[in-house]
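Participant: mind folding the following:
(2 chains)
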Amino acid sequence: LFALARQRVGRGDVTLELAGPVTVEALKRELGVTYPELAPLLPHVLIAVAGEYAADDMVIPPGAEIAAIPPVSGGSGAHRPRRHPSLLQAIEAER
Amino acid sequence: MIEITEAPIDHAALTERVRSNFTGAVCTFLGTVREMTGDRRTASLEYEAYPEMALKKMAELEAEARRRWPLIDAALVHRVGCLDLGEISVVVAVSCPHRDQAFEACRWLIDTLKDVVPIWKKEVWADGSEEWVHPGV
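Facilitator: Okay, here's the model as predicted:
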């Protein structure tokens, strides 16, 4: 966990008990149940699996490092349209 | 060249680093700690990174910029930790044969870095309150 998510839970590393392989979406749901203080933030949070932004329907492989990524700082982003962080993957997919 | 550092960033050294006889244009962007946001006064900023992923994303940005523009060289350096007013939080320095390319590449790199690289900032306001900056939350 990072930034506001880490602050709300009070630590950077958390452990979830999950029954078998789960999707990113299910993981986010479980995060919200286990840590209700995260629930309001989760709609804005992207999950990274092994250092890549992951789609909601991705099944998380065993042993992968998982990170909850709240919206990044954006600078003066209020003055220009924000782009989704998976932009780069979209660029790659077009090639 | 990609780096995340807790030490103050030497922007002049980075500009020199991307300069060469092959370049006709060098563009260096500095992000600095602003005191006033509207009516609110900042005391300091704290930057936090997910370093492994941030370095990977910054390297992808540099690679993508090299595909889009004829970059001779590029340097992307972000600072983390506690920064005082006026200090440099991020530097993007690029060199190209011509200035249009350098301006465009530099602008794209800093804008995209701000959108995709997992680095967050916390405002420490002069009134003592603190606030993580998460656009849209």
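Participant: please name the nearest non-neighbouring residue to the residue most central in space within chain B.
Facilitator: By CA atoms, centre = their mean, chain B has its centre lying nearest to residue B:90, at 2.9 Å. Leaving aside its chain neighbours, residue B:90 sits nearest to residue B:31 (3.9 Å; criterion: CB to CB, 6 or more residues apart in numbering or on different chains). The C-beta positions use only the backbone N, C-alpha and C, and glycine is treated the same way.
Participant: re the thing from before, reduced to three states, what does the residue nearest to the centre of chain B come out as?
Facilitator: Assigned by DSSP: H, G, I helix; E, B strand; the rest coil, the conformation of residue B:90 is strand.
Participant: hmm, back to that, quick check: buried residues in the helix or strand harbouring the residue nearest to residue B:90?
Facilitator: If you go by DSSP states H and E, residue B:31 is part of strand B:25-32. For strand B:25-32, the neighbour count (16 or more other CB atoms under 10 Å in any protein chain shown) marks B:25, B:26, B:27, B:28, B:29, B:31 as buried.
Participant: what about the nearest residue to the second one once chain neighbours are set aside, helix or strand, and which?
Facilitator: In other words, residue B:26. Nearest residue to residue B:26 in three dimensions, chain neighbours excluded: residue B:95, at 4.7 Å (CB to CB, 6+ apart). Assessed by DSSP H and E, residue B:95 sits inside strand B:88-96.
Participant: just how off-centre is that strand within its chain?
Facilitator: Mean-position distance between strand B:88-96 and its chain equals 6 Å (CA atoms, centre = their mean, to the nearest Å).
Participant: show the average pLDDT along it.
Facilitator: Averaged across strand B:88-96, pLDDT comes to 98.
Participant: pairing partners for that strand, with directions?
Facilitator: Here strand B:88-96 has these sheet partners by DSSP bridges: strand B:25-32 (antiparallel), strand B:73-79 (antiparallel).
Participant: residues touching residue 6, list them.
Facilitator: Picked chain A for this. Residue A:6 is in contact with A:12, B:48, counting by CB atoms under 8 Å, 6 or more residues apart in numbering or on different chains.
Participant: actually, chain B is the one I wanted.
Facilitator: Neighbouring residues of residue B:6 by CB under 8 Å, 6+ apart: B:79, B:80, B:81.
Participant: so which bits of stretch B:75-84 are buried?
Facilitator: Buried residues in stretch B:75-84, counted by 16+ other CB under 10 Å: B:75, B:76, B:77, B:78, B:79, B:80, B:83.
Participant: looking at the contacts of residue B:6, which is nearest chain A?
Facilitator: Distance to chain A across these (CB to the nearest CB) is lowest for residue B:80, with 11.3 Å.
Participant: with the flanking residues excluded, which residue is spatially nearest to the closest one?
Facilitator: Nearest to residue B:80 is residue B:47, by CB to CB, 6+ apart, at 4.5 Å.
Participant: how about residue B:45, secondary structure?
Facilitator: Assigned by three-state DSSP, the conformation of residue B:45 is strand.
Participant: tell me how far it lies from residue B:125.
Facilitator: Distance of residue B:45 to residue B:125, given as CB to CB, to the nearest Å: 10 Å.
Participant: do residue B:37 as well
Facilitator: Applying CB to CB, the value for residue B:37 to residue B:125 is 9 Å.
Participant: again, but for residue B:25
Facilitator: From residue B:25 over to residue B:125 (counting by CB to CB), the distance is 39 Å.
Participant: where along chain B do the helices fall?
Facilitator: Applying DSSP state H to chain B gives helices spanning B:11-18, B:51-68, B:99-116.
Participant: so what touches the first one?
Facilitator: Outside helix B:11-18, the residues within contact range by CB under 8 Å, 6+ apart are B:1, B:26, B:28, B:30, B:72-75, B:77, B:88, B:91, B:93-95.
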